[in-house]
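K.L.:
Generate a structure from the sequence data that follows.
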Amino acid sequence: VQLQASGGGLVQAGGSLKLSCAASGSTFSVNVMGWYRQAAGYQRDLVATVDNDGRVNYADSVKGRFTISRDNAKNTVYLQMNRLKPEDTAVYYCHGIIQIDHYTYQYWGQGTLVTVSS
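P.N.:
Residues are numbered from 1 along each chain as shown. Presented below is the predicted three-dimensional model:
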């Protein structure tokens, strides 16, 4: 199973970006998908997650500005980021908790850089 993320880039403060992450590979089912981010010199932190039932969870710092969604038919998760701030600058990583047969695994995408200029 691979997670392929896309959509990062450079944007001015107050602008918007949308990240996408698609899971592909052999037979599997996706339980939870989400996004984490890691700014230079900092640890990787949770941004948002969405489970099979559509329940979402957000970091306090992005509530009201970011929206996570998923397309189960495409095994794809999206992160719509609005009203971006310079402190949102980080490498964003897609994360998936994926079931293959009777086992559950964690997968990470390759990361996509989001840079917000002031």
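
K.L.:
separation between W108 and D53?
P.N.:
23 Å (Cβ to Cβ, to the nearest Å). Quick note: C-beta positions are derived from backbone N, CA and C, even for glycine.

K.L.:
scratch that, L19
P.N.:
22 Å.

K.L.:
what about the two, which has more around it?
P.N.:
The neighbour comparison of L19 against D53 (other Cβ atoms under 10 Å) goes to L19, with 23 against 6.

K.L.:
quick one: contacts for that one?
P.N.:
Applying Cβ atoms under 8 Å, 6 or more residues apart in numbering to L19 gives the contacts A5, S6, G7, G8, W35, Y78, L79, M81, Y92, C94, T112, V114.

K.L.:
can you check R70 too?
P.N.:
By Cβ under 8 Å, 6+ apart, R70 lies in contact with M33, V50, G54, T76, V77, Y78.

K.L.:
Go through those and say which is closest to I68.
P.N.:
Within the contacts of R70, the smallest distance to I68 is 4.9 Å, found for V50 (Cβ to Cβ).

K.L.:
Double-check the closest one against D71; I have them as touching.
P.N.:
No. Between V50 and D71 there is no contact under Cβ atoms under 8 Å: 10.7 Å.

K.L.:
what sits in contact with each of the two?
P.N.:
Here V50 and D71 share the contacting residues V77, scored by Cβ under 8 Å, 6+ apart.

K.L.:
Have a look at those two and say which one is more surrounded.
P.N.:
Using other Cβ under 10 Å, the more surrounded residue of V50 and D71 is V50, with 22 against 11.
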